[in-house]
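Trainee: Take this sequence and fold it.
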Amino acid sequence: MRKVFVWILCLMLALTGCSSADNNDAAMDTQEEEKIQIGMSFDSFVIERWQRDRDVFVSTAKELGAEVNVQNANGDLEEQKKQIDYFIQKGMDVIVIICIDSDGLKESVEKAKEAGIKVIAYDRLITDSDIDLYITFDNTMVGSMMAEALIDNGITGGSVLMLGGSPTDSNVPLVEAGFTEVMNKNHVRILDSIHTVGWRAEIAADYIYENIDVVTEADAIMCGNDNIASRVVPALAEKRLAGKILVVGQDADLEACQRIVEGTQVMTVYKPVEKLAQRAAECAVALAKGEEISGEDVTTMENGEYMVPYVGLEPVSVTEKNINEVIINSGFHLKEDVYLNVPEKMPE
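Mentor: The predicted structure follows:
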């Protein structure tokens, strides 16, 4: 009789253990299902900074309990539309878009909104669309900083070439507006202005080779970003003009920082992408939870048809004078890497 009792007791304990394990498994499955899902579609990773944006955003979102599905459109608008459709089908809570064409995603955004999905335009505005947030840096200030760096280097009354970014990027006209305003105030003549379709830097390099007569008239060249400058400066070097014609850019790419200490680029604009990506991830999670985006940095702006929430962070002008403080001391780039080609100038 005692043996029977022991056997029944063991059976009950076993059944209880299974029930507990089943309940734990069910709870874990529920937690997985409830985890916030964020889709992130990048233009491409050709521009150096985008990889850093991606890594910080994904890391921050993970810390906040969200999962991020990252897609790369490789500069193809139709591919980016397919990626957004995929995110909609997967039932994402939020879609974050680094758009290829600011005017080309209106229908895609409408589909996402109809499906109850929040949409964030990251760094580049999506026009005429009911997006839930546009987060970027102050692009007009970026252009002003480029121009002011040239003025500080004595270009007042001189002439400049503008080799700008993609014509489908809504940030480009803002940067150029800030730049030309300062140029006009200081009586600097703009010799010529072009755009690089798809941010293809080789277009700017080709311009240097094919228009050398115009180039030699210029005192300075405004490059739409540092990647463009990375092709312009070597082209100038072939014509023995590197360091003689002032060059400015933006993004604080490593090669740009190297050129600054070498003397072939006057300045770049540092955008603390860690802050941008962290803030964007925080906003994405808040939107997924149905919360209002709040903070002193939140305002609104018009994107054509709609007034949309807007967060604009301040960029920083970087020259040889403050590169150690802004770039190296912040850990954005290593001192050894920045001074790789001029170790004799490396600070102790």
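
Trainee: Could you find the closest non-adjacent residue to Ala205?
Mentor: Using Cβ to Cβ, 6 or more residues apart in numbering and skipping the chain neighbours, the partner closest in space to Ala205 is Arg231 (3.9 Å). Just so you know, the C-beta spots here come from the backbone N, C-alpha and C atoms, and that holds for glycine as well.

Trainee: List the buried residues for the strand or helix carrying the one you found?
Mentor: If you go by DSSP states H and E, Arg231 is part of helix 226-238. Neighbour-count burial for helix 226-238 flags Asp226, Asn227, Ile228, Ala229, Ser230, Arg231, Val232, Val233, Ala235, Leu236 (criterion: 16 or more other Cβ atoms under 10 Å).

Trainee: Starting from Val46, give me the distance back to the second one.
Mentor: I take that to be Asn227. According to Cβ to Cβ, to the nearest Å, Asn227 stands 7 Å off from Val46.

Trainee: residue contacts, Glu274?
Mentor: Arg52, Val56 (Cβ atoms under 8 Å, 6 or more residues apart in numbering).

Trainee: which of the residues in the helix or strand harbouring it are buried?
Mentor: Assigned by DSSP H and E, Glu274 belongs to helix 273-288. Buried residues in helix 273-288, counting neighbours by 16+ other Cβ under 10 Å, are found at 273-274, 276-288.

Trainee: on that earlier part again, same for the helix holding Arg231, what does it pack against?
Mentor: Applying 3 or more Cβ pairs under 8 Å, 6 or more residues apart in numbering; DSSP states H and E, one finds that helix 226-238 contacts helix 201-210, strand 220-223, strand 246-248, helix 254-262.

Trainee: coming back round to it: so what sits against both of Asn227 and Val46?
Mentor: By Cβ under 8 Å, 6+ apart, the residues touching both Asn227 and Val46 are Trp199.

Trainee: which ones are touching the residue nearest to Ala205?
Mentor: So Arg231 contacts Ala201, Glu202, Ala204, Ala205 (Cβ under 8 Å, 6+ apart).

Trainee: ok, the second one - how many residues close by?
Mentor: What it means is Glu202. 11 (other Cβ atoms under 10 Å).

Trainee: residues contacting it?
Mentor: Counting by Cβ under 8 Å, 6+ apart, Glu202 has contacts Arg231.

Trainee: If you rank the contacts of Arg231 by neighbours, which is first?
Mentor: Neighbour max across the contacts of Arg231 (other Cβ under 10 Å) = Ala204, 26 neighbours.

Trainee: follow-up on the earlier one: export only the CA atoms of the helix holding Arg231, formatted as CSV.
Mentor: Once non-C-alpha atoms are left out, helix 226-238 reads as follows in CSV (Å, rounded to 0.1, in the frame of the first residue of the first chain):
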residue,chain,number,x,y,z
ASP,A,226,32.9,63.6,-47.4
ASN,A,227,32.4,60.6,-49.7
ILE,A,228,32.2,63.1,-52.7
ALA,A,229,35.3,64.8,-51.3
SER,A,230,37.1,61.5,-51.3
ARG,A,231,36.9,61.4,-55.1
VAL,A,232,37.4,65.2,-55.6
VAL,A,233,40.6,65.6,-53.6
PRO,A,234,42.5,62.8,-55.5
ALA,A,235,41.3,64.4,-58.8
LEU,A,236,42.7,67.7,-57.6
ALA,A,237,45.9,66.0,-56.6
GLU,A,238,46.4,64.7,-60.1
